[in-house]
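Colleague: When you get a sec, could you give me coordinates for this:
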Amino acid sequence: MSYGITGFGAYIPRRRLSRKAIAAAHAWAMPGLAAQGKGERAFASWDEDAITMAVEAARDCQSGAGAAPHSIVLASTTLPFVDRANAVVVAGALGLPRSTICQDHTGSLRTGLSAVASACGAQPAAPSMIIASDLRRAKMGSAQEMAFGAGAAAVTLGNSGVIATFLGAASISVDLVDHYRTTSNGFDYTGEERWVREQGYAKLVPETVHALAAKTGIDLTQVRFVAPPSANPSICALIASCLKIAPDCVIDGLAARVGDLGAAHPLLMLGSALERAQPGDVILSLAFGQGCDALFFRATDAITQPTGRRGVAGAVEDRFADEAYQRYAAFSGLAAYDWGPRAEADAKTPLTEQYRSDHQITPFIGGCCPACGQVQFPQFPLCVKCQAQVTFEPVRLVDAPARIATYTADWLQYSPSPPFYFGLVQFDNGARVLMEFVDVDGRALDVGSAVRMVFRIKERDEMRDFARYFWKAVPLDGKETR
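Modeller: Sure, this is the predicted structure:
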């Protein structure tokens, strides 16, 4: 029985900032940036982080059906919490059982693909999910600000419904420091670019790939697609040259459209290769960082079966051009605005109450009254319709069809992204919930408009450096699916 990839998914924030706008913002100090002002990069909203993006990529991955994973790995170099299991929050948002094994992996940009290699090597009987998500910050005016993007990608692994069979993996670990970031500094320090190319990519990648080819007996001429470890077009071209593979076999790194997604990029490229693959195609997936990981997969007949996932292509196309550099700077924590007295309220999260209510809040579980059939959120001691004191039947609202019942755009209430949109969401199953609307730009917001749920940061406690998460509603524009 074959073992390998059974599904994949991706998430990229809608907001795209042109590099021309970045260069224009810094023209007074760094006019040379204008030469790099081509294309655009994705940037996250204030209420997104590695956890929320991981949830959305995992949901897209799950939309292709298949068994629920028995374990998940969240791989990232920008995990919001250092001493809190970030993957547990993701599992809760996905509605996975408490028995799910949850792990955080970090420390290198290849941590996501390394986790895939580890799982494929072990080939556990139960299905697993690997999610890679990164939201790296960059100093204003830096080359990283131009290059970085934000996003997440996920794959599920197992031995049922395999769309790409695992053929083998090779890895080397070398402390070649192409960049680093310490716990006391929020920004990367990078090495000299030419040195990294010549001593890193040009030597370590071929060494790993040739070891993989020798190990599996697969000649590189059999490779149909190469999923590169970087968005940088010159790195993609270098890899093709060093491996003597046709340049058109290397998947476009999407530098011009979304930027480099850090630890998520190798899995994003793997997903992009899977979208193009036909039965029998061999895919070489690469990751680079203090060494290199290389994996071979072969697409099966199941690769052509239709799924409900949006995938990499859909995530890239779902974009909104936002040329406000100041908004990007504010959302990224690079600029601080004076929001006035309304922003000064203490946002302390009662951890005891959060724990008691977590079974409803994080997975967005409402309750159906067995006496009258009314669905409500949250679950109160009494049914809101018949007033019966009952034990509610759980109803997950995350993917339930819903529409806007009422909405308000509030410019007075504090919001890091004014105006604050909120209103009542009417679910088709009868539940009615007061919710916040996000990602409204470029979409029609009106009574009766369909919405879908997204997992976001509800509130940040700046005093205690804590984030509270909940679900928000995004209006659909008619082209999107839930």
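
Colleague: All the helices of the chain, residue numbers only.
Modeller: With DSSP state H, the ranges of helices along the chain come out as 19-25, 50-62, 86-93, 111-122, 143-147, 193-195, 202-216, 233-243, 265-276, 311-317, 325-331, 351-361.

Colleague: what does the shortest one contact?
Modeller: By Cβ atoms under 8 Å, 6 or more residues apart in numbering, no surrounding residue is in contact with helix 193-195. (Glycine included, C-beta is placed from N, CA and C.)

Colleague: please begin residue numbering at 793 from this point
Modeller: Let's use 793 as the start, then, which means that last one is helix 985-987.

Colleague: list the buried ones in it?
Modeller: Across helix 985-987, burial judged by 16 or more other Cβ atoms under 10 Å covers no residue at all.

Colleague: Could you do stretch 1017-1026 as well?
Modeller: Buried residues in stretch 1017-1026 (16+ other Cβ under 10 Å): 1017-1024.

Colleague: Domain parsing of the chain, as residue ranges.
Modeller: Here the domain parsing of the chain from automatic domain parsing is 796-1123, 1133-1267.

Colleague: which of these is buried the deepest?
Modeller: Most buried of the domains of the chain by mean neighbour count (mean count of other Cβ atoms under 10 Å) is domain 796-1123; its value is a mean of 20.

Colleague: Do me a favour and get the end-to-end distance for that one?
Modeller: 38 Å (Cα to Cα, to the nearest Å).

Colleague: Off-centre distance for it?
Modeller: How far domain 796-1123 lies from its chain's middle: 9 Å, per Cα atoms, centre = their mean, to the nearest Å.

Colleague: what pLDDT, on average, does that domain get?
Modeller: Per-region confidence: domain 796-1123 scores 95 on mean pLDDT.

Colleague: longest strand of the protein?
Modeller: Criterion DSSP state E: the longest strand present in the chain is strand 1242-1253.

Colleague: Isn't Ser925 up against Ala944?
Modeller: Yes. The pair Ser925 / Ala944 is scored as a contact, 3.5 Å apart, by Cβ atoms under 8 Å.

Colleague: any residues in contact with both of the two?
Modeller: Contacts common to Ser925 and Ala944, judged by Cβ under 8 Å, 6+ apart, are 842, 845-846, 849, 1056.

Colleague: just to revisit the earlier point, with distance to Leu825 as extra columns, can I get the helices of the chain in TSV?
Modeller: Listed next are the helices of the chain as TSV, based on distance: least, Cβ to Cβ, whole Å:
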stretch	distance to Leu825
helix 811-817	4
helix 842-854	27
helix 878-885	34
helix 903-914	30
helix 935-939	7
helix 985-987	16
helix 994-1008	27
helix 1025-1035	18
helix 1057-1068	23
helix 1103-1109	24
helix 1117-1123	12
helix 1143-1153	43
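
Colleague: Let me know which of these is the nearest to Ala1265.
Modeller: helix 842-854 (13.9 Å; Cβ to Cβ).
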